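1. Sequence and predicted model, in that order:
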Amino acid sequence: MNEDLYKRLYRRLNKKGDVFKLAEIFSIPQEVLFAILSQKIVRKTKRDYHGLKKQSSKLLKQWESGKSLLKISEERKFSPVLVSSFILRENGATKKELREYLHHPYEIEDPRIRKEILEILKEEVVYSPEAAEIQRKNGRTAERKIGEWLDREHVEYITESEARALHEKTPDFLLKSPFSLDEDSIMWVESKASFGDKIQMRGDYHRQLKHYVELFGKGLVIYWHGYIDDSCAVQNFPYDSKILISNSCVVEGEKNV
């Protein structure tokens with residue numbers, strides 16, 4: 001995806017409904033747009049969480065005046081679940097009660113709260129129990145596909161959980177011997193069930209990938225939902241010539257994942 005298109009999509013993605021509209025307009029898979037939207041929501045949460053939480057009493061007054069939890073979150077362009085947690089905690093709910101609301105909404109006795117919790121859960125992209133489970137499932141599926149690919153290529157590897165006993169920082173797959181990929185020899189593979197924009201890639205590099213290079217040598221990182229300026233082919237990672245990058249396009253062929 002080129003950067004111009006990415007910026008247009010990023011600017012217009014603010015809630016779940018935007019995903020379906022933009023997927024139809026631009027013929028882009030919904031999974032890619034959900035990945036971009038999720039990253040935008042997480043960044044906004046990190047930036048605005050404490051400031052918005054300080055306004056809990058004001059948000060509660062809006063809710064008490066009749067405005068719904070979902071409407072308030074839409075006006076603030078903030079996570080429905082998190083906005084609701086600010087309001088309901090200010091209204092006297094405990095953390096345990098909030099967890100019960102989110103995990104068992106149909107058991108909520110208060111009819112208004114039950115109705116509005118169901119509404120926010122339907123629209124939440126990141127912070128609901130269902131969204132968290134989808135993220136975990138996507139991560140496991142992506143790693144499973146890489147493992148199956150390496151098995152078909154008869155490449156021996158140590159998984160992340162196995163490698164933790166040997167190294168503090170470990171990739172998802174640490175290869176026992178170099179594996180040749182498009183004339184490059186790689187020693188590790190890292191799976192990212194996310195979209196590789198500049199912020200994501202920079203963060204991944206400094207948090208993890210540069211350490212893998214220092215410890216193990218050249219490796220491959222796969223962004224399953226694509227990345228900016230991708231071409232369905234392995235390219236040099238923009239922050240290190242010893243890191244290769246690909247997306248799911250490169251692992252769909254006969255020789256790949």
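-> Everything's here; your move. Numbering: from 1, shown residues only.

2. switch to C-alpha atoms for all contacts and neighbour counts from now on
-> Fine.

3. where in this protein is pLDDT low?
-> 165, 230-243, 246-257 (pLDDT under 70).

4. Name the helix or strand for the residue nearest the centre of the chain, please.
-> In the chain, the centroid-proximal residue (CA atoms, centre = their mean) is Ser194; its distance is 5.0 Å. Here Ser194 is covered by no helix or strand, with elements defined by DSSP states H and E.

5. what do you get for Ile186?
-> strand 184-192.

6. strands paired with that strand, and their directions?
-> Looking at strand 184-192 with DSSP bridges, its partner strands are strand 173-181 (antiparallel), strand 219-223 (parallel).

7. Buried residues in whatever helix or strand comes next after that strand, which are they?
-> Later in the chain than strand 184-192, the nearest helix or strand by DSSP H and E is helix 198-204. The neighbour-count criterion (16 or more other CA atoms under 10 Å) identifies Met201 as the buried residues of helix 198-204.

8. Check which helices and strands helix 198-204 is in contact with.
-> On a contact count with 3 or more CA pairs under 8 Å, 6 or more residues apart in numbering; DSSP states H and E, helix 198-204 meets no helix or strand.

9. Downstream of that helix, the next helix or strand is which one?
-> helix 210-216.

10. List the buried residues for that following helix?
-> Neighbour-count burial for helix 210-216 [16+ other CA under 10 Å]: Lys210, Tyr212, Val213, Phe216.

11. Who are the contact partners of Pro129?
-> Leu102, His103 (CA atoms under 8 Å, 6 or more residues apart in numbering).

12. mind checking how far it is from Lys192?
-> 21 Å (CA to CA, to the nearest Å).

13. before we move on, the earlier item: doesn't Ile222 make contact with the residue nearest to the centre of the chain?
-> No: using CA atoms under 8 Å, Ser194 is not in contact with Ile222, being 9.2 Å away.

14. how is this structure carved up into domains?
-> 3-127, 137-251 (automatic domain parsing).

15. how far is the first one from where the chain is centred?
-> In terms of CA atoms, centre = their mean, to the nearest Å, the centre of domain 3-127 is found 16 Å from the chain centre.

16. can you map out the helices along the stretch 51-200 of the chain?
-> In the stretch 51-200 of the chain, helices defined by DSSP state H, counting those that start in this stretch lie at 56-64, 69-76, 80-90, 95-103, 111-123, 129-152, 160-163, 198-204, listed in chain order.

17. Next, format the ones you listed as CSV and append distance to Ile28.
-> CSV is the format used below for those (distance: least, CA to CA, whole Å):
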stretch, distance to Ile28
helix 56-64, 36
helix 69-76, 24
helix 80-90, 25
helix 95-103, 31
helix 111-123, 20
helix 129-152, 18
helix 160-163, 32
helix 198-204, 20
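
18. And these: which comes nearest Glu24?
-> helix 111-123 (18.9 Å; CA to CA).

19. Give me the helices and strands touching the closest one, please.
-> helix 69-76, helix 80-90, helix 95-103.
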